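Enquirer: here is a sequence with its predicted model. Questions after.
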Amino acid sequence: MFKSKTFSSKMVDIILIIILVVIAITCILPLWYTLALSLSSKSAAAAGAVGLWPVDFNFNSYQQLLQDSQFFKSFWISVQRVVLGAGLNFIIVPLMAYPLSKTVKDFKGRNVLMWTLIFTMLFNGGLIPLYLTIKAYGLMNSIWALVLVGGAQTIVFNIILTINFFRNLPSSLEEAALVDGAGPWYILTKVFIPLSVPVLATISLFSIVYHWNEFLYGLIFMTREEFYPLQTYIQQLVVSVDPSTMTEDQYKRLSELSNRTLDAAKIFIAMIPVLLVYPFLQRYFIHGITLGSVKE
Amino acid sequence: MRTKGFAKHYYLMLLPGFIWLILFSIVPMFGIVIAFQNYNPGLGVFGSEFVGLETFRYMFELNDTMNVFFNTIYIAIMKIVGNLIVPLVFALMLNEVRYMGLKRSIQTIVYLPHFLSWVILGGVLLDIFAYGGPINQLLAMFGIDPVLFFGRADLFPFLVVGSDVWKEFGFNTIIYLAALTGINPALYEAASIDGASRLRLLWHVTLPGIRTTAVLLAVLSLGNVLNAGFDQIFNLYNPLVYSSGDIIDTWVYRAGLLNLQYELATAVGLLKSVAGFMLISLSYYLAYRFTNYRIF
């Protein structure tokens, strides 16, 4: 790449970098603020004295959080949900993507099945029919409602991503395996899957993040708080307001009354798992998305 | 190739996934009949009386629904425009940075908000924009009276759009950056030997190089005109801003699951699903026609 070394060009570079750094900082500042808030005293938080540094630094809200048994119950439900959901996703997606990556010549039913799949992604019955179906299945208050409903809605996108990746693998690899007498199961597990680390890491990240972040199905399929996944628990406690009518003063007071430092601690702890997996999988998802060539 | 007899294995591979999708995506679609019934939970879908299009007639008579449709489209269109332009501009700026370490760090940071849930970010944003929060403290330094940001119907759509663009611009940049790395460096060399300035390179090499990607994303985003973002609005709104912030999805949730108007909520949801399906199909078709891009 060329490098121009004129003075004005250097000035442009510096201004550009400053702008970009400022923008990047705005992306973590809110998270930083939440951390600072959670480490401040209640009175400082209520008085709005907390800025970028904790005021009256203490761990009180985290100690208080340790006594909240529902928080840990919900945390554990979310962990189970992520393991089951991402695990199922990891098994089913390559299993479906492999046959569907074949051409109609090799697999006659391919197009009909593919379009059925896409139809389930683009069209749905809506919230009420879904709710009534799950109720009829007897899955209310079951973790399987969370795992299977959410999974069914995200799996097709992951399958498409994987199909596109499979199709970009050199076909000579499969031909060589065929010549050696390999069957479809062998080709999938010993040739395709080992070569698909970027896309499999990508769909796993998407699935983990989805199941960790999803809150609505916890809210509608769980009738008792003890079955809430973490995000639903936080949503009910921190974010939700009584959906009856409300005046401005009531709304103002609501934000003053809530225990802001404790809420901030909960929010911050709920962020940690994503903050932990994300850096490890980052190099894969960029690769996975661009190579899977699904542009969404 | 020796793939004869593979088809039965292919069907076997697809079986578990299809059972999953049939039970959790396709069966709920049949619940749509509720929209054409006088639904009685005691009698269920099979026992309730059919009333034809009665519910739809009632729906169009409500002022509420018209307002909700308008809010949805208004917010969604602003989001689409913001989510197309901001990532493009950001990618172009980032592309000019030649210090790879700095570039990578900025990228890592700006992708992050995409992976946090709206429950988390809702909690964080409500705190930051609270009546006594840091934004109002900052405004106070300039002598501006505190604003009840998330309690003002006139501001709410803009806060929603702004925070959505803020959350997603980094992630949306990935596609543009991939397109930018696809531009042949020889074009830049040739142009700069001919004496092109940086601005001219941007105009004559970079922009034409990513034109197809930009057009493609614009066309594909058409399918989202009815998706204003349930998770986000559900976690940010309150009764004070229903007039400008209530969208189809949040309204369906309240009408259906809180007020138990099953038929009405299903009818509105159905209308959204059908219209959304047609819009997405159209946008995918246009993407194929204009940019020869196939998703499946």
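Expert: On my side now, so go ahead. A quick note: this is a predicted structure, and the numbers were derived from the prediction, not measured. Numbering: from 1, shown residues only, chains lettered A, B, ... in the order given.
Enquirer: the helices in the stretch 51-200 of chain B, which residues?
Expert: B:54-61, B:63-95, B:100-111, B:118-128, B:134-141, B:156-181, B:185-193, B:198-201 (DSSP state H, counting those that start in this stretch).
Enquirer: just want the angle from the third one to helix B:63-95.
Expert: Angular relation of helix B:100-111 and helix B:63-95 on a 0 to 180 degree scale: 170 degrees, by axes from the mean of the first three to the mean of the last three C-alpha atoms, to 10 degrees.
Enquirer: ditto for the first one
Expert: Our comparison of helix B:54-61 with helix B:63-95, counting by the same axes, to 10 degrees, yields an angle of 70 degrees.
Enquirer: for chain B, what is the nearest residue in chain A?
Expert: Of all residues in chain A, residue A:129 sits closest to chain B, at 2.3 Å by C-beta to the nearest C-beta. The C-beta positions use only the backbone N, C-alpha and C, and glycine is treated the same way.
Enquirer: mind telling me what element that residue is part of?
Expert: Using DSSP states H and E, residue A:129 falls within helix A:127-137.
Enquirer: would you mark the buried spots in the very next helix or strand once past that helix?
Expert: Downstream of helix A:127-137, the next assigned helix or strand under DSSP H and E is helix A:143-168. By neighbour count on 16 or more other C-beta atoms under 10 Å in any protein chain shown, the buried set for helix A:143-168 is A:143, A:145-166.
Enquirer: check the burial of the residue of chain B found nearest chain A by counting its neighbours.
Expert: Proximity to chain A, evaluated over chain B using C-beta to the nearest C-beta, is greatest for residue B:31 at 2.3 Å. By other C-beta atoms under 10 Å in any protein chain shown, 24 other residues sit near residue B:31.
Enquirer: can you report how many residues lie near residue B:233?
Expert: When neighbours are counted by other C-beta under 10 Å, residue B:233 comes out with 24.
Enquirer: for residue B:198, same thing?
Expert: Each residue near residue B:198 was counted by other C-beta under 10 Å, and the total is 16.
Enquirer: ok, now residue B:267?
Expert: When neighbours are defined as other C-beta under 10 Å, residue B:267 has 28 of them.
Enquirer: that one contacts residue B:35, doesn't it?
Expert: Yes: in this structure residue B:267 lies within contact range of residue B:35 using C-beta atoms under 8 Å: 4.0 Å.
Enquirer: between the two, which contacts overlap?
Expert: Residues within reach of residue B:267 and of residue B:35 at once, by C-beta atoms under 8 Å, 6 or more residues apart in numbering or on different chains, are B:55, B:56.
Enquirer: could you check the distance from residue A:196 over to residue B:5?
Expert: Distance of residue A:196 to residue B:5, computed by C-beta to C-beta, to the nearest Å: 25 Å.
Enquirer: what about those two, which has more around it?
Expert: Neighbour count, other C-beta under 10 Å: between residue A:196 and residue B:5, residue A:196 has more, with 22 against 9.
Enquirer: leaving out the residues flanking it, which one is nearest to the more buried one?
Expert: Leaving out its chain neighbours, the residue that sits closest to residue A:196 by C-beta to C-beta, 6 or more residues apart in numbering or on different chains is residue A:165, at 5.9 Å.
Enquirer: cool, residue B:147 as well?
Expert: residue B:136 (6.5 Å).
Enquirer: check residue B:133 too.
Expert: Setting aside the residues directly before and after it, residue B:133 is nearest to residue B:127 in space (C-beta to C-beta, 6+ apart), at 5.9 Å.
Enquirer: residues contacting the one you found?
Expert: Per C-beta under 8 Å, 6+ apart, neighbours of residue B:127: A:33, A:34, A:37, A:260, A:263, A:264, B:133.
Enquirer: give the contact list for the third one.
Expert: Residue A:37 sits next to A:45, A:50, A:54, A:260, A:261, A:264, B:127 when contact means C-beta under 8 Å, 6+ apart.
Enquirer: could you redo the last one with a cut-off of 7 Å?
Expert: Contacts of residue A:37 were listed using C-beta atoms under 7 Å, 6 or more residues apart in numbering or on different chains, and they are A:45, A:50, A:260, A:261, A:264, B:127.
Enquirer: name the nearest residue to the fourth one, ignoring sequence neighbours.
Expert: The shortest distance from residue A:261 to any residue other than its chain neighbours is 4.3 Å, reached at residue A:61 (C-beta to C-beta, 6+ apart).
Enquirer: Validate this expectation: the one you found resides in a helix.
Expert: Yes: assigned with DSSP: H, G, I helix; E, B strand; the rest coil, residue A:61 falls within a helix.
Enquirer: and the gap between residue A:212 and residue B:141?
Expert: Counting by C-beta to C-beta, the gap from residue A:212 to residue B:141 is 38 Å.
Enquirer: ok, the two, which is more surrounded?
Expert: Taking residue A:212 and residue B:141 together and counting by other C-beta under 10 Å, residue A:212 has the greater number of neighbours (24 against 7).
Enquirer: pLDDT wise, what is the more buried one at?
Expert: Per-residue pLDDT puts residue A:212 at 96.
Enquirer: identify each buried residue in stretch B:281-293, please.
Expert: Residues of stretch B:281-293 classed as buried: B:283, B:284, B:286, B:287, B:291, B:293 (neighbour count, 16+ other C-beta under 10 Å).
Enquirer: quick one: the last one is in a strand?
Expert: It refers to residue B:293. No: under three-state DSSP, residue B:293 sits outside any strand and is assigned coil.
Enquirer: spatially central residue for chain A, please.
Expert: For chain A, the residue nearest the mean C-alpha position is residue A:209 (2.1 Å; C-alpha atoms, centre = their mean).
Enquirer: that's a helix at that one, yeah?
Expert: Yes: counting by three-state DSSP, residue A:209 is located in a helix.
Enquirer: can you pull the pLDDT of it?
Expert: pLDDT, residue A:209: 93.
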